[in-house]
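# Next input, structure requested:
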Amino acid sequence: MDDLAEPVFGSKAFGHIMQSLTEIGGEPLRHKVIAEAGLPYLKTDQNRPSFSPTAILSLFQILERVLPKALASRVVILSARKAAEDLLKEHIPGIAQKMLYTLPDHVSAPLLLDALKRIAWTFAGSGSVRVMAGPPMYLVIDKNPAVIWGCLWQRALIETVFRNLISARARVEHLRCCKTGQSSCIYVIEI
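You can find the predicted model right below:
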């Protein structure tokens, strides 16, 4: 299932989901999801270097199938926030973060949007990403490999990044979804 020749997600996507499962439901919940997903190596190797879109999609589908929607949503949102924190630490230097935070929103938001496009592999995997500065701003993931309930994971990650660096008022809505047969997932970002 995990063909690393495919384009991959960021190095910690599965680890964040596993940590979130444990924080929210304890080890039994984590082990239940691991067993259902048929991914036993996650029991000991949560931070494997990278995962194929097929593997992450499989895990999202298992969450969707095995857990009640409200519980799965909490897991997905918490894991996205953890991923956003890592994205900020590892891919946007501290000085750039300070600059974005101090600039006016109408200046810093498009700069952050462009930065997200450059590091999109960390949250869009094999999907290709396009952005359009606004207002409002749009982030489009063509052929999104990780869809779950309105692409909740990516929506929460993008919103967390914008709230941390641009404005606590930042809001991300999901307008169109690959899961419904569309070719793209479209997110609108409003500050």
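# from here on, contacts and neighbour counts on C-alpha atoms
Fine.
# pretty sure I158 is touching V172, no?
Yes - using CA atoms under 8 Å, I158 is in contact with V172, at 7.2 Å.
# SS state for L175?
Under DSSP: H, G, I helix; E, B strand; the rest coil, L175 falls in the strand class.
# Please report how far it lies from L21.
When CA to CA, to the nearest Å is the yardstick, L175 and L21 sit 28 Å from each other.
# what do you get for K179?
23 Å.
# Provide a list of residues in contact with H16.
S79, A80, K82, A83 (CA atoms under 8 Å, 6 or more residues apart in numbering).
# could you flag which of those are buried?
Buried members of the contacts of H16, counted by 16 or more other CA atoms under 10 Å: S79, A80, K82, A83.
# Look up phi and psi at the spatially closest residue to the third one that is not a sequence neighbour.
If I follow you right, that is K82. Nearest residue to K82, sequence neighbours excluded (CA to CA, 6 or more residues apart in numbering): H16, at 6.2 Å. Backbone geometry at H16, expressed as degrees, to the nearest 10, gives phi -60, psi -40.
# still on that earlier bit, the more surrounded of L175 and L21?
Shown here are L175 and L21; by other CA atoms under 10 Å, L21 has more neighbours (26 against 13).
# Which helix or which strand is home to the residue nearest to the more buried one when sequence neighbours are not counted?
Excluding the flanking residues, the one nearest L21 by CA to CA, 6+ apart is R30, at 5.3 Å. Element membership for R30 (DSSP states H and E) is helix 13-37.
# now swap in L157 and tell me
Assigned by DSSP H and E, L157 falls within helix 152-165.
# so of the contacts of H16, which ones are in helices?
Within those, residues falling in helices by DSSP state H are S79, A80, K82, A83.
# could you dump those residues to JSON lines with distance to S183 and pLDDT?
Compiled in JSON lines, the ones in helices among the contacts of H16 are given as follows (distance: CA to CA, whole Å; pLDDT from 0 to 100):
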{"residue": "S79", "distance to S183": "25", "pLDDT": "91"}
{"residue": "A80", "distance to S183": "23", "pLDDT": "91"}
{"residue": "K82", "distance to S183": "28", "pLDDT": "94"}
{"residue": "A83", "distance to S183": "25", "pLDDT": "90"}
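# Let me know the closest of those residues to K143.
Lowest distance from K143 to those (CA to CA) belongs to A80, with 19.4 Å.
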